[in-house]
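A.B. asks: 3D, please:
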Amino acid sequence: MAFLKEYPLTLFQEFKAFAVKGNVIDLAVGVIVGAAFGKIVNSLVNDVITPWLALITGTVDFSDKILTLRDATETTAAVTVKYGLFINTVLEFFIVGFAVFLLVKQVNRWKRKDPAPEPTTRECPFCYSVISKKATKCPQCTSSVAAIE
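C.D. replies: Numbers count the residues shown, from 1 in each chain. Prediction:
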């Protein structure tokens, strides 16, 4: 308990300062929103997209596809490779990935800003007054300056 005498409240205070920093709280909110968003994306894939794929392909469920390596005996269980479940998981991954890609692409389109307009003025290198970009002579100090096109 000598440890507590050396650090009576500083460890707790440091933890408190760490926990209430904006980055930690932002991360916590991001994880919570991400979990909820994951449920939305999974529902979109399982309840909206997959039925359409099943209608087109006839079936999307490969879970019953297995490869038996060794048949079951009275003392041992069968050894099987469940490649159908793997195919289902890979398909779900690609569908979820594509849905998230489309969503992120749309959000980025909404967030895209118009480029800033080209400035029409500049600073005189001699008197530091604001002059036109096309000026060849400063109207304040009458110094010759090269025009910028």
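
A.B. asks: flag the shaky bits of the protein, pLDDT-wise.
C.D. replies: 1-9, 22, 59-61, 147-149 (pLDDT under 70).

A.B. asks: quick check: which element contains the residue nearest the centre of the chain?
C.D. replies: Geometric centre of the chain, nearest residue: V104, 7.7 Å, by CA atoms, centre = their mean. Using DSSP states H and E, V104 maps to helix 83-111.

A.B. asks: which secondary structure elements does the very next helix or strand once past that helix contact?
C.D. replies: Once the chain leaves helix 83-111, the next helix or strand it forms, by DSSP H and E, is strand 121-123. Judged by 3 or more CB pairs under 8 Å, 6 or more residues apart in numbering; DSSP states H and E, strand 121-123 is in contact with strand 130-132. Yep, even glycine has a C-beta here, placed from its N, CA and C like the rest.

A.B. asks: tell me what the strand it packs on is packed against?
C.D. replies: Strand 130-132 packs on strand 121-123, going by 3+ CB pairs under 8 Å, 6+ apart.
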